[in-house]
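> Please find the sequence and the predicted model below.
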Amino acid sequence: MTYLIFFVALQLIRFIGFGGLVAKSGGQAWKTLIPILGELEILKMIERPWWWIFLIYAPIVGYIMYAVMIVEGLQVYKKRSFQDHLLGVLSAGLYLRLVSMDEKIKYTGPELRGFKGKGRDWSEAIVLPS
């Protein structure tokens, strides 16, 4: 019973967070209320493969994938700062609602996926020497 309550609460938080972003990207927000259909709509928005649905519902991995979807959801709206990503993940996606309500922010798609700033480039060079 506890897992069911947690699952329903997570679905409602996902609808509140991702519903506005999906609608802003041209999708249908009501689909985010339905468990598997909602994830497929989000994956379509962030342009990720459909088979990620299996990772989303896998034990333990699903929580990590939810955080990845939040970060990717922010990136397709040019919210690429560490602060935005941290707010999104720590609020379990509720920060996405604020992003979707901001009229200045537009959907751009995952155009700069893999972009590295100077700090990340240097840290990877130090930690991962070739």
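Here it is on my side, so go on.

> isn't K79 right up against K106?
No - between K79 and K106 there is no contact under CB atoms under 8 Å: 11.4 Å. Bear in mind the C-beta positions are built from the backbone N, C-alpha and C, glycine included.

> If you count residues, where's the longest helix of the protein?
Longest helix in the chain by number of residues (criterion: DSSP state H): helix 2-24.

> E41: helix or strand, and which one exactly?
helix 35-45 (DSSP states H and E).

> pull the CA atoms of that helix into CSV?
In CSV, the C-alpha atoms belonging to helix 35-45 read as follows (Å, rounded to 0.1, in the frame of the first residue of the first chain):
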residue,chain,number,x,y,z
PRO,A,35,2.2,6.2,-16.4
ILE,A,36,3.8,4.7,-19.5
LEU,A,37,2.3,7.0,-22.0
GLY,A,38,3.6,10.0,-20.0
GLU,A,39,7.1,8.7,-20.0
LEU,A,40,6.9,8.1,-23.8
GLU,A,41,5.7,11.7,-24.3
ILE,A,42,8.6,13.0,-22.1
LEU,A,43,11.1,10.9,-24.0
LYS,A,44,9.8,12.2,-27.2
MET,A,45,10.2,15.8,-25.9
